[in-house]
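Peer 1: Generate a structure from the sequence data that follows.
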Amino acid sequence: MPSSTPARPKLDTTSPNMGRVADYILGGKDNFAVDREAAEAAMAIIPNLSLLWHEGRRFLGRAVRYLAGEAGIRQFIDIGCGLPTQGNVHEIAQAVAPGARVAYIDNDPMVVVHGQAILQDDGITAVIEADARDPEKLLAHPALTEIIDLDRPVAVLLFGILQDITDDAVAARIVQGLREAIPPGSYMAMSQPVSDLSPESTTEMAVMYEDRGAVEGPTRRGGVRSKAEVDRFMDGLALVEPGLVYIPWWRPDGPIIHGAESVWVVGGVGRKD
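Peer 2: As a prediction, the model looks like this:
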């Protein structure tokens, strides 16, 4: 009798993958020649792209360490994870709280295949193919509910994914759906480039994301939003100090070398009371 289980897609090494591109920019080894070529081309267009990626991972690290440490969170859902890359959520969270559970979510089958290939099957970490545009279905995915108990506090991470959702109404519905589904005591953390200080560079970055398959909205505005527009995504949450700020200023653990003029990405963490 033939198996009813669909065949897993093979790892594609002939087309660039955004996660592997980021891995190369961040100094990792889980990438191929096509990814390195794409990364160099992207950095030629946006010279400070490497800085943005590095600062973004530093912010992710500080946010996850806060959540696993001071906030006491033991469950994480990383949506739009873009594996493989460097400084992953499970590595950071489990260094603070061994046994912390992490569900990585991405709608790119290649990201999921590569993530499943490089992550250990340890029963507390999973890589799941699902779409953020359907929060209810995402949170009900059996591979997620196998390791994440949604009756207990959880941290939902939206690092850099909302820029892919170019329709503001859809982006707001995603955030609202996730916020309403998680129990009190849970957190949401997010980051996104904003157009306030460097509109031309932000637009160039948005075009790059569109080229790699960002979700188009009716006006195809590339996910370019102002800080005030991103602020509204945090409505209904109690913001952790210092609020939604340019990411170098979010609880820095050392001197701030690069300011907002170079790192035009905002981020923050909010608690559901």
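Peer 1: the bottom helix or strand of this protein by mean pLDDT?
Peer 2: Of all helical and strand segments in the chain, the minimum by mean pLDDT, DSSP states H and E falls on helix 199-211, at a mean of 59.
Peer 1: how much distance is there from the next helix or strand after that one to the middle of the chain?
Peer 2: Per DSSP states H and E, helix 199-211 leads on to helix 227-231 as the next helix or strand towards the C-terminus. Counting by CA atoms, centre = their mean, to the nearest Å, helix 227-231 is centred 17 Å from the centre of its parent chain.
Peer 1: what does the next helix or strand after helix 227-231 rub up against?
Peer 2: Per DSSP H and E, the first helix or strand lying C-terminal to helix 227-231 is strand 238-239. Residues from elsewhere that reach strand 238-239, judged by CB atoms under 8 Å, 6 or more residues apart in numbering: 268, 269, 270, 271, 272, 273. All C-beta spots, glycine's among them, are computed from the backbone N, C-alpha and C.
Peer 1: quick one: low-confidence parts of this structure?
Peer 2: Across the chain, residues meeting the criterion (pLDDT under 70) sit at 1-19, 22-23, 25-30, 43-46, 82-86, 198-223, 258-261.
Peer 1: Just want the most central residue of it.
Peer 2: Geometric centre of the chain, nearest residue: residue 159, 3.1 Å, by CA atoms, centre = their mean.
Peer 1: My guess is it contacts residue 60. True?
Peer 2: Yes. Residue 159 is in contact with residue 60 according to CB atoms under 8 Å; the separation is 5.6 Å.
Peer 1: and for those two, which residues touch both?
Peer 2: residue 191.
Peer 1: on that earlier part again, beta partners for the residue nearest to the centre of the chain?
Peer 2: With DSSP bridges as the criterion, residue 159 is bridged to residue 191.
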